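Enquirer: Next come a sequence and a model predicted from it.
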Amino acid sequence: QVQLVESGGGLVQAGGSLRLSCAASGRTFKIYGMGWFRQAPGKDRELVAAITWSGGRTDYTDSVKGRFTISGDNAKNTIFLQMNSLKPEDTAVYYCAVRGTVVPIYDYWGRGTQVTVSS
């Protein structure tokens, strides 16, 4: 089992910034990569950004490219999501998740942190 705890959400005005953090504990030797997902009311959950520990590859959904940056500390099994130039459409619950293999299936999830961007 892997436990994930997110922090850093909140309320911010459009154009502002927030930094999310996620710390993994437990059987962390199984972690191949980590990612940030979000789900807005009435919408499907989407992958926002992901990072793999092997090679440090990062991927982003198109709507956040150039505004969000994912980073991580492999040794501490912690990832961050720096969110700049936030827009009201970024409002969602943001979840941290872990994948154990090269297959992009996420096995463990945090409880989520609310991000609200006011216009």
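Expert: Sure, I can see it. Residues are numbered from 1 along each chain as shown.

Enquirer: who's in contact with the closest residue to V5 other than its chain neighbours?
Expert: Spatial nearest neighbour of V5, excluding adjacent residues (C-beta to C-beta, 6 or more residues apart in numbering): A23 at 5.4 Å. In this view, the C-beta of every residue, glycine as well, is placed from N, C-alpha and C. Residues near A23 by C-beta atoms under 8 Å, 6 or more residues apart in numbering: L4, V5, K76, N77, T78.

Enquirer: Inside strands: which ones of the residues you listed?
Expert: Under the assignment DSSP state E, the contacts of A23 contribute L4, V5, T78 to strands.

Enquirer: related to what we said a few turns ago, what helix or strand is the residue nearest to V5 on?
Expert: Element membership for A23, per DSSP states H and E: strand 18-26.

Enquirer: quick one, which residue of the protein lies the farthest from its center?
Expert: The C-alpha centroid of the chain is most remote from S119, which lies 22.6 Å away (C-alpha atoms, centre = their mean).

Enquirer: related to what we said a few turns ago, which strands border the strand holding A23, and is each parallel or antiparallel?
Expert: Sheet pairing of strand 18-26 (DSSP bridges) gives strand 2-7 (antiparallel), strand 78-83 (antiparallel).

Enquirer: out of these, deepest packed?
Expert: Most buried of the strands paired with strand 18-26 by mean neighbour count (mean count of other C-beta atoms under 10 Å) is strand 78-83; its value is a mean of 22.

Enquirer: and the strand holding A23, which residues are buried?
Expert: L18, L20, C22, A23, A24 (16 or more other C-beta atoms under 10 Å).

Enquirer: just checking, the last one touches Q1?
Expert: The one in question is A24. No. In this structure A24 lies outside contact range of Q1 using C-beta atoms under 8 Å: 10.7 Å.

Enquirer: can you pull the pLDDT of the most centrally placed residue in the chain?
Expert: For the chain, W36 is the residue whose C-alpha lies nearest the centre (C-alpha atoms, centre = their mean; 2.1 Å). Note on W36: pLDDT of 98.
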